[in-house]
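Student: missing the sequence, but the structure's below:
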């Protein structure tokens, strides 16, 4: 937040106020973030929840407000993806291989970190297939390989499954669109296979753990990681039925404490659910009611609507990113985790503005 404010002050001195005025009037994504910010501030004041969301939204709003529209273009996006892929891979490799550290003790939780890595992977894939100039393909290939490897290395099941689903759907879609893309699709499939093989020691243990957890569930033992999540989801649905309109807000924790005292939930469920429901849809509905859920759904839908008249590469980027976060929201809370929320908001805004600039260039040529 402090960095964003400093950036704003510097921009105000260096750049004309015209940039800010232009962005306010001509950037629909910026207006949308302002709307979300107002709701989040109200929600925080009324319910004492969502402080991370408020800070994240205000940071993104500030950055997009003072950044000139000409800054956003696909060429720069490729270098951003490359820098992001290198950075996130370095972090994950360090804490997983060089200095093996429990995933709960990483500087950023492994699940949102995996979501961000998957974002870089999917975005690089989309730009690769959509005929980006040859001189930039090497950068995108490196980004794809590194970020895919990093995602798999986190051992985070939700983002990994989401990544595999989107890669599979993308490959199928592009093959239907053009048989000429079969070489690219096969090459990308090979990258994923090699990625799995390279992290086999880590993935094997995770797969074995998952199989064992399923066996425990079949025996009625819900004390495992998957079992705890199922209990939290069931608890979430129960709470939603009790307060479907406004949600619990700041009364949620006392309610959870009461359920624990009455032994209606276990200490393990209480401990984890006091932190997160591990499901963004349930968590938002429980905390903020119907309005919160509608705003959450708008985060998936509105970006796609904004880019309906943009070029194919822009539309595919936004659809794939929205789908990634949508799938991850079933097993995690990427929109209530600061890092993953900021990445989503900034990059959707970046891609939408890049698409708008591309449309303007095409109109000028006509």
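Tutor: Thanks, I have it. Nothing here was measured: the structure is a model prediction, and the numbers come from that model.
Student: so where do the helices sit in the stretch 101-250 of the chain?
Tutor: 110-129, 134-153, 157-177, 182-198, 200-218, 225-242 (DSSP state H, counting those that start in this stretch).
Student: tell me which of the ones you listed sits most buried.
Tutor: helix 110-129 (a mean of 26; mean count of other CB atoms under 10 Å). All C-beta spots, glycine's among them, are computed from the backbone N, C-alpha and C.
Student: contact partners of stretch 176-192?
Tutor: Contact partners of stretch 176-192, identified using CB atoms under 8 Å, 6 or more residues apart in numbering, comprise 125, 128-129, 144-145, 148, 164, 167, 171, 174-175.
Student: mind doing that once more with 10 Å?
Tutor: For stretch 176-192, contacts defined as CB atoms under 10 Å, 6 or more residues apart in numbering pick out 121, 124-125, 128-131, 137, 141, 144-145, 148-149, 151-152, 163-164, 167-168, 170-175, 312.
Student: same question, stretch 204-222
Tutor: Looking at what lies outside stretch 204-222 - CB under 10 Å, 6+ apart - the contacts are 152, 154-157, 160, 199-200, 223-231, 234, 266, 268-269.
Student: mind doing that once more with 6 Å?
Tutor: The set of residues external to stretch 204-222 that reach it, using CB atoms under 6 Å, 6 or more residues apart in numbering, is 155, 224, 226-227, 231.
Student: likewise stretch 158-168?
Tutor: 114-115, 118, 122, 151, 320, 323-324, 327-328, 331-332.
Student: give me the mean pLDDT for it.
Tutor: For stretch 158-168, the mean pLDDT works out to 91.
Student: just stretch 92-111 next, same as before
Tutor: 89.
Student: now do that stretch: distance to the chain's middle.
Tutor: 19 Å (CA atoms, centre = their mean, to the nearest Å).
Student: can you give me the end-to-end distance of it?
Tutor: 11 Å (CA to CA, to the nearest Å).
Student: using a markdown table, lay out the contacts of stretch 204-222 together with pLDDT and distance to residue 305.
Tutor: Below are the contacts of stretch 204-222 laid out as a markdown table (pLDDT from 0 to 100; distance: CB to CB, whole Å):
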| residue | pLDDT | distance to residue 305 |
| --- | --- | --- |
| 155 | 87 | 35 |
| 224 | 86 | 40 |
| 226 | 88 | 35 |
| 227 | 90 | 39 |
| 231 | 92 | 37 |
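Student: with distance to residue 78 added, can I get the residues you listed in TSV?
Tutor: Supplementary listing: the contacts of stretch 204-222 in TSV, determined by distance: CB to CB, whole Å:
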residue	distance to residue 78
155	28
224	42
226	38
227	43
231	44
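Student: these two touch, right, residue 332 and residue 111?
Tutor: Yes. Taking CB atoms under 6 Å as the definition, residue 332 is a contact partner of residue 111 at 4.8 Å.
Student: coming back round to it: lowest-confidence stretch among the helices of the stretch 101-250 of the chain?
Tutor: helix 182-198 (a mean of 76).
Student: which one of the helices of the stretch 101-250 of the chain lies nearest to residue 43?
Tutor: Among the helices of the stretch 101-250 of the chain, the nearest to residue 43 by CB to CB is helix 225-242 (16.8 Å).
Student: give me the contacts around that closest one.
Tutor: So helix 225-242 is contacted by 213, 217, 222, 269, 272-273, 277-278, 282, 285-286 (CB under 6 Å, 6+ apart).
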